[in-house]
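1. quick one: sequence plus predicted model below, questions after.
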Amino acid sequence: MIKLIATDMDGTFLNSEHKITKENLEAVEYARENGVEFLVVTGRAYYEALEVITAANFKTEILTLNGAVNYDTSGEITKIFPLDIKDIKFIINELKNIGITCKIYTKNCLYTDSIQEYIQAFIDLVKGQGFEPDVEGLTKEVLRRKDKGHIVEVANVEDYINLADNPTIKIIVLHQDRKKLEEAKNLLEKNTNIEITSSGYNNLEIISKEASKGNALIDICKKKNIDLENVMSLGDNLNDISMLEISKYSVAMKNATPKVKEKSKYITEFDNNNSGVGRMIKKLLKEVNGI
C-alpha cells in the first residue's frame with residue numbers, strides 16, 4: 001500500500017521549462033483525494049522551489065537543498081542542517097588548490113561571483129539532458145531571482161560564509177570538465193563531515209553529512225507514522241539515490257542517469273517532458289492500492 005509519494009523536482013516532476021505539467025498535477029490531486037500524501041524533495045532552495053509550486057497553484061511540504069532545510073505547507077522550517085564553518089573553509093580551500101570556485105547557498109539566498117556563469121550552467125544542464133534549452137526563458141528566470149534578492153552577485157563569496165542570521169547550507173561547484181569535478185570530489189571526500197552528490201553532469205553539491213534526501217524522508221515518515229514500505233519516491237539523478245534506496249516503490253525517470261536506474265525498482269516509460277511522474281503515480285496506485 002502506498003501512503004506517501006515523494007518526488008524530486010528538476011528532471012523529474014518538472015519538465016525542461018521548469019514547469020509542472022497538467023497531467024502531473026492531476027495525478028497528485030488524484031493521489032491526495034484517495035488519502036495518499038505527497039511532498040517534494042529537491043536540491044533547490046525553498047525560494048526557488050516555491051516559485052514553481054505557487055505558479056502551479058498548490059501547496060506541499062518541501063524538503064529543500066537535498067534535505068538540509070525542510071519546510072511545512074505554511075513555509076515554516078521544520079529542520080535545518082547548516083554546514084560547519086570549519087568544513088566550509090576546508091571545502092573552499094581544497095577547491096582553490098585546483099583552481100575551482102564555488103557558489104554558496106544560504107538559508108535566504110545564493111551567493112555567486114558570476115550570474116552569467118550560473119545562467120550558463122542552467123543552459124548546459126538542459127542540453128546535457130538531451131533537450132533544447134529555452135535560453136531566453138532560463139535567463140529571465142535567473143534574473144528574476146536576482147531582482148528578488150534570491151541570487152546575489154558578490155566579489156567574493158567567502159565574505160558570506162559565516163553569517164549568524166543566514167547560515168551556509170549547501171555549496172555548489174559548477175564545471176564543464178567532468179575530470180576536474182571528479183578530482184574535486186576525490187579531494188573533498190577526505191572530510192567525513194560532509195556529503196557530496198550531484199544533480200547533473202556539470203555540478204557537485206556539498207551539504208552536511210547529517211542531511212540527505214533519504215534522511216529527510218526518514219524524518220518525515222517518522223513524524224507521519226508512515227513506514228518506508230509504504231513510500232513511493234521518484235528521481236532522476238545522483239542526489240536522489242539516498243531516498244530511492246530506502247523507499248519500497250522507488251522510481252527512476254526514463255531520462256534518469258544509469259546509476260539511478262540501477263538503484264530503482266521501476267523506470268518510467270515517459271520522461272519528465274511527457275509527464276512521467278503523473279503517469280507512474282496513476283499506474284502504481286492502480287497496481288498497488290487498487291484505485
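-> Thanks, I have the structure now. Source: prediction; values computed, not measured.
2. and the helices in the stretch 101-250 of the chain, which stretches?
-> 115-128, 135-147, 178-188, 213-224, 241-244 (DSSP state H, counting those that start in this stretch).
3. output these as JSON lines; include the columns mean neighbour count and distance to residue 282.
-> The way it works is simple: take the backbone N, C-alpha and C, and place the C-beta from them, glycine included. Output for these, formatted as JSON lines (neighbours: other C-beta atoms under 10 Å; distance: least, C-beta to C-beta, whole Å):
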{"stretch": "helix 115-128", "mean neighbour count": "17", "distance to residue 282": "27"}
{"stretch": "helix 135-147", "mean neighbour count": "15", "distance to residue 282": "29"}
{"stretch": "helix 178-188", "mean neighbour count": "15", "distance to residue 282": "36"}
{"stretch": "helix 213-224", "mean neighbour count": "20", "distance to residue 282": "22"}
{"stretch": "helix 241-244", "mean neighbour count": "25", "distance to residue 282": "20"}
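4. distance check, the residue nearest to residue 137 when sequence neighbours are not counted against residue 277.
-> Nearest non-adjacent residue to residue 137, counting by C-beta to C-beta, 6 or more residues apart in numbering: residue 17, 6.5 Å away. From residue 17 across to residue 277, the span is 15 Å (C-beta to C-beta, to the nearest Å).
5. have a look at those two and say which one is more surrounded.
-> residue 277 (29 against 14; other C-beta atoms under 10 Å).
6. and that one, helix, strand or coil?
-> Judged by DSSP: H, G, I helix; E, B strand; the rest coil, the three-state class of residue 277 is helix.
7. can you pull the contacts of residue 45?
-> Applying C-beta atoms under 8 Å, 6 or more residues apart in numbering, we find residue 45 in contact with 64, 65, 69, 105, 109, 110, 150, 169, 170.
8. how close does the nearest residue to residue 273 once chain neighbours are set aside sit to residue 30?
-> Closest residue to residue 273 apart from its sequence neighbours, by C-beta to C-beta, 6+ apart: residue 15 at 4.7 Å. As for residue 15, its distance to residue 30 is 19 Å (criterion: C-beta to C-beta).
9. leaving out chain neighbours, which residue sits closest to the residue nearest the centre of the chain?
-> Of all residues in the chain, the one closest to the mean position by C-alpha atoms, centre = their mean is residue 43, 2.1 Å from it. Nearest residue to residue 43, sequence neighbours excluded (C-beta to C-beta, 6+ apart): residue 199, at 4.6 Å.
10. quick check: mean pLDDT across the helix or strand harbouring residue 251?
-> In this assignment (DSSP states H and E), residue 251 forms part of strand 249-252. Averaged across strand 249-252, the pLDDT comes to 98.
11. one more: stretch 161-176?
-> 91.
12. please apply the same query to stretch 100-117.
-> For stretch 100-117, the mean confidence score works out to 92.
13. measure residue 227 to residue 77 for me?
-> Applying C-beta to C-beta to residue 227 and residue 77 gives a distance of 26 Å.
14. burial count for residue 33?
-> Residues near residue 33, counting by other C-beta under 10 Å: 9.
15. alright, calling it a day.
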